[in-house]
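Visitor: Got a predicted structure here, sequence first:
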Amino acid sequence: MITVEMSDDIRKYENKSWGPFTTRQAVCIGLGVLVAGVIALLIPVDTGNKITIGLILMIPFFLCGFVKLDGAYFETIAINMLYLYVLTPRKRKNIQKNTFAEEYKELLKREEQIKISKMDAATKTKYMATHGPKKKITYSSREEFKVYR
């Protein structure tokens, strides 16, 4: 059986402009070195710490140049994650009032009042016994038996 080696998919090919790097990668490396160099010159610490801080500051630039997940570059993924987890968290800090629910409760109260006003006295007493305001239960007046204080 004859086997033929197929070349890579042409859509995955990226044009190399400066040595082994694409234009995007070269620009990201240049920006990372520039930012890390300027910050390292401005920080008044010893040389070992300057190098460490510079390397840490270069990491996001290198990620933007080299990391590509499912066709999306790192900065797109980072912005989407920032939006998803920081700007729109699952648990909201402020609670919005549901005006529809409040109006609906008011409407039900008005309908019940109209219904009660149309009843005769005997039916009204039976209705209020089952649907009227609930009585408060007093368990004990002694302080040691009170559960909630």
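Guide: Yep, it's here. Numbering: from 1, shown residues only.
Visitor: State the pLDDT value of Ile137.
Guide: Ile137 carries a pLDDT value of 65.
Visitor: How is this protein divided into domains?
Guide: 16-87, 99-134 (automatic domain parsing).
Visitor: Turn these into TSV, including mean pLDDT.
Guide: Conversion of the domains of the chain to TSV gives the following (pLDDT from 0 to 100):
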stretch	mean pLDDT
domain 16-87	87
domain 99-134	87
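Visitor: Buried deepest among those, which one?
Guide: domain 16-87 (a mean of 13; mean count of other CB atoms under 10 Å). Quick note: C-beta positions are derived from backbone N, CA and C, even for glycine.
Visitor: thinking again about what came up before, can you redo the domains of the chain as a markdown table with distance to Ile2?
Guide: Below are these laid out as a markdown table (distance: least, CB to CB, whole Å):
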| stretch | distance to Ile2 |
| --- | --- |
| domain 16-87 | 32 |
| domain 99-134 | 72 |
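Visitor: Show the subsequent helix or strand relative to the strand or helix carrying Val38.
Guide: Element membership of Val38, judged by DSSP states H and E, is helix 23-42. Next helix or strand after helix 23-42 toward the C-terminus (DSSP H and E): helix 47-66.
Visitor: can you give me how far that next one is from the chain middle?
Guide: Remark: helix 47-66 is offset 27 Å from the chain centroid, using CA atoms, centre = their mean, to the nearest Å.
Visitor: and the angle from that helix to helix 23-42?
Guide: 160 degrees (axes from the mean of the first three to the mean of the last three CA atoms, to 10 degrees).
Visitor: Report all helices and strands that helix 47-66 contacts.
Guide: Helix 47-66 sits against helix 23-42, helix 74-82, with contacts defined as 3 or more CB pairs under 8 Å, 6 or more residues apart in numbering; DSSP states H and E.
Visitor: now do 10 Å
Guide: strand 21-22, helix 23-42, strand 72-73, helix 74-82 (3 or more CB pairs under 10 Å, 6 or more residues apart in numbering; DSSP states H and E).
Visitor: Would you format these as TSV with distance to Pro133 included?
Guide: Below are the helices and strands packed on helix 47-66 laid out as TSV (distance: least, CB to CB, whole Å):
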stretch	distance to Pro133
strand 21-22	75
helix 23-42	69
strand 72-73	60
helix 74-82	51
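Visitor: so which of those gets nearest Thr3?
Guide: strand 21-22 (31.5 Å; CB to CB).
Visitor: Many thanks, I have nothing further to ask.
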